[in-house]
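Visitor: what shape does this take:
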Amino acid sequence: MNTPLLAARGITLALRERPGTLILNDVSLVVPRGKIIGVVGGSGSGKTTLACMLLGFVPEAMRLKSGQVLWEGKNIQAMDAHTLRHWRGGRVSLSFQEPASAFDPVFTVGDQITEMLMAHGGNGRARAQEKMLEFLALAGVDDPRRVAAGYVHELSGGLRQRAMIALAVCTRPAVLVADEPTSSLDVILQARIMALFRTLRRELDLSIVLITHDLGMVQRLADATVILVRGRVVAGDHPEAQALLSAGGM
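Guide: Reported below is the predicted structural model:
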């Protein structure tokens, strides 16, 4: 059996001030190579906390009681700070729910993607700028030079999302964790972002963890789905899972 790229095994996470309050309760997740895995849950289900855990971030107010996050079978908690810093962004990347969280408003979008390429790829500035335009185009941006010269607040919602995805994948990570990538977009733009994820999986051999409240959308896109209800993994016939499915319009 092949070792998955990324896996969470029995993650139990509690509030520091109230150890009996579990935010995640024995949660497991496997991300094979080249697959799209959906993580679905309503508000307060723990799905964004799980996204943080997959990148090795334990929220400050919480404590890991048990479980491990494994990269190619090795516990990421055993990584030293230097290795962990380069692993994030280099091998596993995160796209945020709100694109403004990913970009500094005082620098252009292109400059920030260029800096990411220089930091993680060892590229000189000229080559990094070429690759920056290539990744904006791959993310479905029709006019990469115009978008690269702009600031995040100058872009439409759809372009912000595409620019952020370009930033997240420009280092050619093996896994992209996408937190609510379509929550602020209309139905047409949501469909375009989903099509983009299929393209990125094919073109970059990318595994994607798609975190969302929309179970119907995930079932149309993902190879496997984990449903979270109040920090626990539940089956698809659970009443709250059925409610999420109905809310998704399926």
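Visitor: for the rest of this, base every contact and every neighbour count on C-alpha atoms.
Guide: Noted.
Visitor: residues contacting the residue lying closest to Phe107 once chain neighbours are set aside?
Guide: The shortest distance from Phe107 to any non-neighbouring residue, by CA to CA, 6 or more residues apart in numbering, is to Tyr151 (6.5 Å). Residues in contact with Tyr151 (CA atoms under 8 Å, 6 or more residues apart in numbering) are 105-109.
Visitor: which of these are buried, as a ChimeraX select command?
Guide: To isolate the buried ones among those in ChimeraX, judged by 16 or more other CA atoms under 10 Å, type:
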select :108,109
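Visitor: tell me the one among the contacts of Tyr151 nearest to Gly42.
Guide: Pro105 (30.2 Å; CA to CA).
Visitor: got phi/psi on the nearest residue to Gly42 once chain neighbours are set aside?
Guide: Nearest non-adjacent residue to Gly42, counting by CA to CA, 6+ apart: His213, 5.3 Å away. Backbone torsions for His213, taken as degrees, to the nearest 10, come to phi -100, psi 0.
Visitor: same check on Gly67?
Guide: According to degrees, to the nearest 10, Gly67 has phi 100, psi 170.
Visitor: and if you look at the one 5 residues further on?
Guide: Backbone dihedrals for Glu72, given as degrees, to the nearest 10, come out at phi 50, psi 40.
Visitor: how about it, nearest residue that isn't a chain neighbour?
Guide: Leu5 (4.7 Å).
Visitor: the one you found and Gly34 touch, don't they?
Guide: No - if you go by CA atoms under 8 Å, Leu5 and Gly34 don't touch, sitting 9.4 Å apart.
Visitor: phi, psi for Leu24 please.
Guide: phi -130, psi 140.
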